[in-house]
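Visitor: Dropping a prediction and its sequence here:
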Amino acid sequence: RRAAVSPDDGPPLVVISNRMPDAAPSGDARTRNVGGLVAALEPALAARGGLWLGWSGRARAGQHRDLAIDRSVVPARASFDFEPRWHELYYNGFANRSLWPLFHSLPERARYADDEWAAYVEVNEVFAEAASRVTSRNGTIWAHDYHLLLVGAALRRRGFTGRLGHFLHIPFPPLDLLETMPWAPEIVSALLAFDLLGFHTRRFAANFLACARELAGAERIAEDALRVQGRVVRARAFPLGIDPAPFESPEDDEGVDEELAQLRTAMGDRQLVLGVDRLDYTKGIPQRLEAFARMLELHPALRGQVSMIQVAVPSRSDVPEYAAQRAAIEALVGHINGTLGEAHWVPVRYVYRSYGRTHLARLYREADVALVTPLRDGMNLVAKEFVAAQDANDPGVLLLSHFAGAAEEMRAAALCTNPYHRDGMANDLARALAMSLEERRARHAELLAMVHRTTSASWADAFLSALEG
Ligand code: GDG
């Protein structure tokens, strides 16, 4: 453990994220940290001798200046403990009850509290302070996601002159919505302290560029660039992909084999429709369940012929909106099964848990249709994982929301649907279930080529070469 490094002796690259890989506080089984992002960033960091800075996952009063640095692991890690009040005010509060809903274009779910904003400012300062202790003045820093929108400006105030990049994993909203946030001008101005801003889609980058002009007086000097106070700031799409290998050829696992055999027996000849999401109101799970039920009403011949499995991975369960969403989903599943089911047929199987990656990959492959129908999503990696997991000779169909970032790349080959239109989604699902083998193969081949083209590794390389170049 070392308290600091000298200004010229830091690692060439520092990645900052709120959460460190494998530091999940209890009660929140959010699994993204074991997923594609870590897999993408760890090799990029390791190759550059870089360091990962984040929250330790623990809360202890008065300890946040105590930076624990571990250089014995690759990549090296630095972490600090949160003040206990930050979890409620900064994390559950401003990050997850203000920024998360607003940035997903759900302003009626957002609420704005001055003490939560103050905590958000404070925590971003603390991250900047920690980062300035582990980097050299001219190093490269890459910050991630909506928790750290202010960290670039806070680093510049501390005299950091190196390259600063930010990648936003969630959508960036249009101006009309962003303006409902009382601190929108402060947030946009702070983002302009970065040299490069990355988004999943061109649409989100364009939203940002428009907000920067309107709210911070930045001048548009190129399709992807702004001038602000004599500096150039670029904003571009860098769509995140996956590492397809573990989904194409999952590891052998006897436990999973047995589970899958039991599932096949239970399903018999029925077709399987699958949804896998963190339990989050942005994922549109109730709307999807309603559409599935509606399909059974509109197409009674499908009754008894198809079952849906919805995996809802526990997430942010101490935020009241998430507890309410869970209750709504559970009531809806009960209602659908009670009104449409038979003693010998359960329309919807609902599981509130997380699965290991091998299990997930096998489940994807088993499905005839994946319902990836968020109301709004930054990218949605489940869509790409599902494609990678299919049997190319007999692939399942991806039914994808227009409002997932993934639709920008997958629109032409996936079957796209509007989760706000229940009858439309019901009919799109019926169409997916009836799709010919020939059409399924053609669509899948195109999607698979795309999943191979943009992977998590190529994403990290593209962002870092744009930042460093
Ligand atoms: C945010 C943005 C953006 C799911 N269930 C289990 C499990 N997962 C894994 C999936 C996938 C990941 O979690 C979920 O990623 P998504 O992209 O679908 O969604 P978010 O969690 O909302 O992630 C999103 C992403 O950041 C990256 O930038 O795409 O738009 O909202 O990898 O496989 N993993 C395991 N067990 C599960 O039960 N092990």
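Guide: Nice, thanks for sending it over. Numbers count the residues shown, from 1 in each chain.
Visitor: burial count for A460?
Guide: 25 (other C-beta atoms under 10 Å). The C-beta positions use only the backbone N, C-alpha and C, and glycine is treated the same way.
Visitor: And for L296?
Guide: As a measure of burial, L296 has 23 neighbours, counting by other C-beta under 10 Å.
Visitor: which SSE is it in?
Guide: helix 285-298 (DSSP states H and E).
Visitor: Quick check: residues of the stretch 201-350 of the chain near the ligand?
Guide: 240, 276, 278, 313 (C-beta under 6 Å from any ligand atom).
Visitor: mind listing which of these are in strands?
Guide: 276, 278, 313 (DSSP state E).
Visitor: If we only consider those residues, which is nearest to D176?
Guide: Minimum distance to D176 across these is 27.4 Å, recorded for R278 (C-beta to C-beta).
Visitor: Verify the stated contact: the closest one with S315.
Guide: Yes: between R278 and S315 there is a contact at 4.1 Å, judged by C-beta atoms under 8 Å.
Visitor: Can you give me the buried ones in the lowest-mean-pLDDT helix or strand in the chain?
Guide: The weakest-scoring helix or strand in the chain, judged by mean pLDDT, DSSP states H and E, is helix 36-47 (a mean of 79). Across helix 36-47, burial judged by 16 or more other C-beta atoms under 10 Å covers 36-45.
Visitor: Kindly report the same for stretch 411-418.
Guide: In stretch 411-418, counting by 16+ other C-beta under 10 Å, buried: 413-417.
Visitor: Then stretch 207-214?
Guide: Here stretch 207-214 shows 207-209, 211-213 as buried, counting by 16+ other C-beta under 10 Å.
Visitor: Can I get the residues you listed in TSV including pLDDT?
Guide: Output for the buried residues of stretch 207-214, formatted as TSV (pLDDT from 0 to 100):
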residue	pLDDT
N207	98
F208	98
L209	98
C211	98
A212	98
R213	97
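Visitor: Closest to R111 out of those residues?
Guide: C211 (20.8 Å).
Visitor: Can you give me the neighbour number for the residue lying closest to A40 once chain neighbours are set aside?
Guide: Computed as C-beta to C-beta, 6 or more residues apart in numbering, the closest residue to A40 that is not its neighbour in sequence is S456, at 3.4 Å. Residues near S456, counting by other C-beta under 10 Å, number 23.
Visitor: Enumerate every residue touching S456.
Guide: Each residue near S456 by C-beta atoms under 8 Å, 6 or more residues apart in numbering is listed here: 36-37, 39-40, 240-243.
Visitor: Could you rerun that using 6 Å?
Guide: With contact set as C-beta atoms under 6 Å, 6 or more residues apart in numbering, S456 has these partners: 36, 39-40, 241-243.
Visitor: Show only the entries of the buried residues of stretch 207-214 found in helices.
Guide: 207-209, 211-213 (DSSP state H).
Visitor: Which residue ranges of the stretch 151-300 of the chain form helices?
Guide: 151-157, 175-178, 184-191, 202-216, 245-248, 254-267, 285-298 (DSSP state H, counting those that start in this stretch).
Visitor: Just want the angle from the fourth one to helix 184-191.
Guide: Right, the one you point to is helix 202-216. 110 degrees (axes from the mean of the first three to the mean of the last three C-alpha atoms, to 10 degrees).
Visitor: Packing partners of helix 202-216?
Guide: helix 175-178, helix 184-191, strand 231-237 (3 or more C-beta pairs under 6 Å, 6 or more residues apart in numbering; DSSP states H and E).
Visitor: Specify the beta-bridge partners of the residue nearest to H64 when sequence neighbours are not counted.
Guide: Closest residue to H64 in three dimensions, ignoring its sequence neighbours and counting by C-beta to C-beta, 6+ apart: F80, at 5.2 Å. Using DSSP bridges, the bridge partners assigned to F80 are W55.
Visitor: and F80, what pLDDT?
Guide: F80 carries a pLDDT value of 97.
Visitor: and what of G35?
Guide: Looking at G35, the pLDDT reads 54.
Visitor: mind listing what the residue of the stretch 101-250 of the chain found nearest the ligand touches?
Guide: When distances are taken as C-beta to the nearest ligand atom, the stretch 101-250 of the chain reaches nearest to the ligand at H169, 3.5 Å away. Shown in contact with H169 (C-beta under 6 Å, 6+ apart): 145, 378.
Visitor: So it versus F199, what's the distance?
Guide: 9 Å (C-beta to C-beta, to the nearest Å).
Visitor: Measure how buried the nearest residue to L89 once chain neighbours are set aside is and give me the count.
Guide: Nearest residue to L89 in three dimensions, chain neighbours excluded: A119, at 3.5 Å (C-beta to C-beta, 6+ apart). Neighbourhood size, A119 [other C-beta under 10 Å]: 22.
Visitor: Okay, buried residues for the host helix or strand of E321 please.
Guide: In the assignment (DSSP H and E), E321 maps to helix 320-340. By 16+ other C-beta under 10 Å, the buried positions in helix 320-340 come out as 321-322, 325-326, 329, 332-333, 336-337, 340.
Visitor: who does R227 bridge with?
Guide: E219, V232.
Visitor: I'd say it and E219 touch.
Guide: Yes: applying C-beta atoms under 6 Å, one finds R227 in contact with E219, separated by 4.6 Å.
Visitor: These two: which is more packed in?
Guide: Shown here are R227 and E219; by other C-beta under 10 Å, R227 has more neighbours (13 against 10).
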